[in-house]
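[1] Sequence and predicted structure are below.
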Amino acid sequence: MGDQGSEAPGQLCGRLRKFIFEPGDNGFGVAVVEDEASGRIWTARGPLWGLLEGETVRLWGRVEDDPKWGRRFKVDSAQPALPTGPQALERWLRSGRVPGIGEVVAKRVVAAVGRGGVAAIRSDPTVLVGIAGLTGPKRRALVEAIAAIDAHQEAALYLHGLELGPALVQKILRRYGQDALRVVRNRPFSLAVDLVGVGFRTADRLARAAGMASDSPDRLRAAVAHVLQDLASQGHTAPPRAQVLAMVGDLAEVGVEQSAAAVDRGREAKDWYAVQADTADGAVVDALALPPLHQAEHAIAAWVASRSMVQGRIDTDDPRIGAAEQALGFALQGGQREAVARALRAPLLVVTGGPGTGKTTILRGVLAALGAEANVLLAAPTGRAARRMADASGREAKTLHRLLEYDPHQQKFTRDASRPLQAELVVVDEASMIDAPLAAALLAALPAPTRLLLVGDADQLPSVGPGAFLADLLASPHVDRVRLREVHRQSEASRIVTAAHQVLHGQVPQGSGRGEGGDFFVIPRQSTDEIAETLVEIVRDRLPRQGFDPIADVQVLAPVHRGPLGTQALSERLREALNPHGGATLRGLKVGDKLIQTKNDYDLDVFNGDIGTVVGLAHREPSAIAAATPALPFATEPLLRVRFGSREVQLGQAQLDSLELAYAVTVHKAQGSEYPAVVVPVHLGQHVMLQRNLLYTALTRAKRFAVLVGQPAAIARAVANAAPLARSTQLRRLLQQLGPQSAAAAAAEAAW
């Protein structure tokens, strides 16, 4: 670090003189630090959680030259350090790090230990005996504080020496405190369980550094757990045992016998369960299931067993249906009428259908039939879907997490069997997006009198989370269902709806020709550069001429994240085309940038999938110390102002990790949303994701305009690929084992 005089590049050790901005909940702070080696005064900014004014600190980071504030020390990781001289020891004792020691007692301690300082106390704690005012409990607290900082510093130096990265070091030290080194050396794989973002490979590096053998049972069990978690993130609740063994062997570089032994040891310890599961092609295989997913699917099956009762002939002349038709202003037809009639009585009903088949009409019809006074709760998996549901029904609709009153601090739903929802009927839209754990939580909160209506499109992509809840329900003969087939919405001229149904039936969709008008187009291009350039031109030039705002109305949906046609590369291209002059804010973001939230933030009421726009910067108020010290560089924490719909929120540094550019997003992220115009790049290089249900889902996100840009051969391949990526689950098998199939169920299954 050159002129700072620190003991090593990237480190600053010295006295924390004053906080300019005291660390808040996210740990960010700004402080004045005096380098103990050179005496230079630095403004340090970054994660300063746990530090106190007046004490010696050790900071890891780098020097940065800010055009406004000048040269500063950008902190990546920080920790308290023990003082090295008598004056530093006195300041440290007075800092509050050791409760009950004030200025007078601090001076007496320094006088008693002399130049030996902390080292004297560490080597012979009895040197503290007899100091007036330093009682036995205070002596013990002082010795323990020194030991704690020693342990903390030793762990920090060890972890930084392994080049783990400052953010991870800070995370480990926060989680384990003075036990960090012991945990890292003796139980390294517990980090993969305790800390978000730490996987097997990182923990394995720590284990190998600590001398753990490659065939250690702890190492192999951790490898199995990692593989099961990885497969759960791909949607599998009960992946085949053979697949797990192969993946463990590759990950841990061991033979199949060692992998099998590790699986068996974990099963005996109930780290996972050995089960039977169904794959997408109908095969029954030996499988493994993590306890939360095993319990979730068993809970779903038990709930269905207690409520499911497939209705036989339905009275479609129920007078309430007539009242609903009068309120709607039109007669319900065919499947719509049957769906409303069944929904008025069924303990559990699933209604599915593609675009334009009347799913919204079913919702409005059921609500009209039950009447305004009926106690009906409406919900959807995402905030966007809930808002659409509310707009369509004229009633309040919540996200499922809001409905079930999720407590982010306890990380659990507070609505459950002990505190159930009170309603005659619960209606959940976009049911294809519900994963197995969320489904289990919802069903647990529904008492026996409450009926459940699930509405969704069975042909869309499955949930992002693990399981195939909707598909598994529909595969069961014990679940009442209605499939809407007839297209009612939009005119016959709507090519979007026609194209979506063509894809669904294995036909290559036909776009409008030049000069024909219409709302669906296919623009053939071959190379990735041609596709990307044409896509930018469509969004920037062509669609605005049709009256679409290129940022607010148009959404590019890409099948993949990476590559020249992935969301990351396309978002950068589109930003350069649509927002080249936006003012800089934080982390390379600019005013006017289109962003997507990737995690639920219950404190800010912003949820995974919400799309917003950067509107500027704000700053958290400076501390009183900063205001009273004008000679110091004036620094506050910058906050990013983002508008989500009609609401503006302010996001601190830590919260920016949950934001990504959203000029292009994945089709998965777009589930539950609708956009005025959608543009989709299609190329054979996306071969893994070229699936019929993905293309169908992309098209059904468009309300008024849709464009496919790319290779006709890639579009044809996607249409031909009717087999979704296989998901291995227990639930389908559990539901099929509920009991004998009734005649009514057989008839319903045959009709389906």
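    Thanks, I have it. Numbers count the residues shown, from 1 in each chain.

[2] Checking residue 33 next. Helix, strand or coil?
    strand (DSSP: H, G, I helix; E, B strand; the rest coil).

[3] Hmm, residue 20 and it touching each other?
    No. Counting by Cβ atoms under 8 Å, residue 33 does not reach residue 20; the two are 10.7 Å apart. For glycine as for every other residue, the C-beta is placed from the backbone atoms N, C-alpha and C.

[4] between the two, what contacts are shared?
    Common neighbours of residue 33 and residue 20 (criterion: Cβ atoms under 8 Å, 6 or more residues apart in numbering): residue 43.

[5] And the residue nearest to residue 597 when sequence neighbours are not counted, what's its pLDDT?
    Nearest residue to residue 597, sequence neighbours excluded (Cβ to Cβ, 6 or more residues apart in numbering): residue 610, at 4.5 Å. At residue 610, the pLDDT value in this model is 86.

[6] swap in residue 386?
    On the pLDDT scale, residue 386 gets 91.

[7] so it, which of the three states?
    Quick answer, by three-state DSSP: residue 386 is helix.

[8] Helices along the stretch 151-300 of the chain, start to end?
    Taking DSSP state H, counting those that start in this stretch as the criterion, the stretch 151-300 of the chain carries its helices at 166-176, 180-186, 190-194, 200-209, 217-233, 241-252, 256-268, 291-307.

[9] The stretch 301-450 of the chain too?
    319-328, 334-343, 359-370, 383-393, 400-403, 436-444.

[10] Now residue 565. Nearest residue, chain neighbours left out?
    residue 681 (4.6 Å).

[11] distance between the ends of stretch 265-282?
    The straight-line separation of the ends of stretch 265-282 (Cα to Cα, to the nearest Å) is 29 Å.

[12] chain center to it, what's the gap?
    26 Å (Cα atoms, centre = their mean, to the nearest Å).

[13] Quick check: phi and psi on the residue minimising distance to the centre of the chain?
    Closest to where the C-alpha atoms of the chain average out (Cα atoms, centre = their mean) is residue 599, at 3.9 Å. Backbone geometry at residue 599, expressed as degrees, to the nearest 10, gives phi -140, psi 150.

[14] Start the count at 842 instead of 1 going forward.
    All set: I'll call the first residue 842, so the last point we hit is now residue 1440.

[15] so it makes contact with residue 1450?
    No. Between residue 1440 and residue 1450 there is no contact under Cβ under 8 Å: 9.9 Å.

[16] So what's the gap between stretch 938-946 and the chain middle?
    With Cα atoms, centre = their mean, you get 45 Å for stretch 938-946.

[17] List of residues touching it?
    893, 896, 921, 934-935, 950, 972-976, 978-979, 982-983, 986.

[18] show me where the stretch 842-991 of the chain has strands.
    Here the stretch 842-991 of the chain has its strands, by DSSP state E, counting those that start in this stretch, at 852-862, 869-876, 882-888, 897-907, 911-921.

[19] can you put those in JSON lines and add mean neighbour count?
    Output for the strands of the stretch 842-991 of the chain, formatted as JSON lines (neighbours: other Cβ atoms under 10 Å):
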{"stretch": "strand 852-862", "mean neighbour count": "21"}
{"stretch": "strand 869-876", "mean neighbour count": "23"}
{"stretch": "strand 882-888", "mean neighbour count": "22"}
{"stretch": "strand 897-907", "mean neighbour count": "19"}
{"stretch": "strand 911-921", "mean neighbour count": "20"}
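
[20] Including distance to residue 994 and mean pLDDT, could the ones you listed go into CSV?
    Converted to CSV, the strands of the stretch 842-991 of the chain look like this (distance: least, Cβ to Cβ, whole Å; pLDDT from 0 to 100):
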stretch, distance to residue 994, mean pLDDT
strand 852-862, 10, 88
strand 869-876, 17, 89
strand 882-888, 17, 89
strand 897-907, 7, 86
strand 911-921, 6, 85
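
[21] Need these in CSV (columns: distance to residue 1065).
    Shown next, in CSV, are the strands of the stretch 842-991 of the chain (distance: least, Cβ to Cβ, whole Å):
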stretch, distance to residue 1065
strand 852-862, 39
strand 869-876, 38
strand 882-888, 34
strand 897-907, 34
strand 911-921, 32
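
[22] if we can go back for a sec, could you say which one of the helices of the stretch 1142-1291 of the chain comes nearest to residue 1569?
    helix 1277-1285 (12.0 Å; Cβ to Cβ).

[23] just checking, next helix/strand downstream of the closest one?
    strand 1292-1297 (DSSP states H and E).

[24] Quick one: distance of that next one to the chain centre.
    With Cα atoms, centre = their mean, you get 25 Å for strand 1292-1297.
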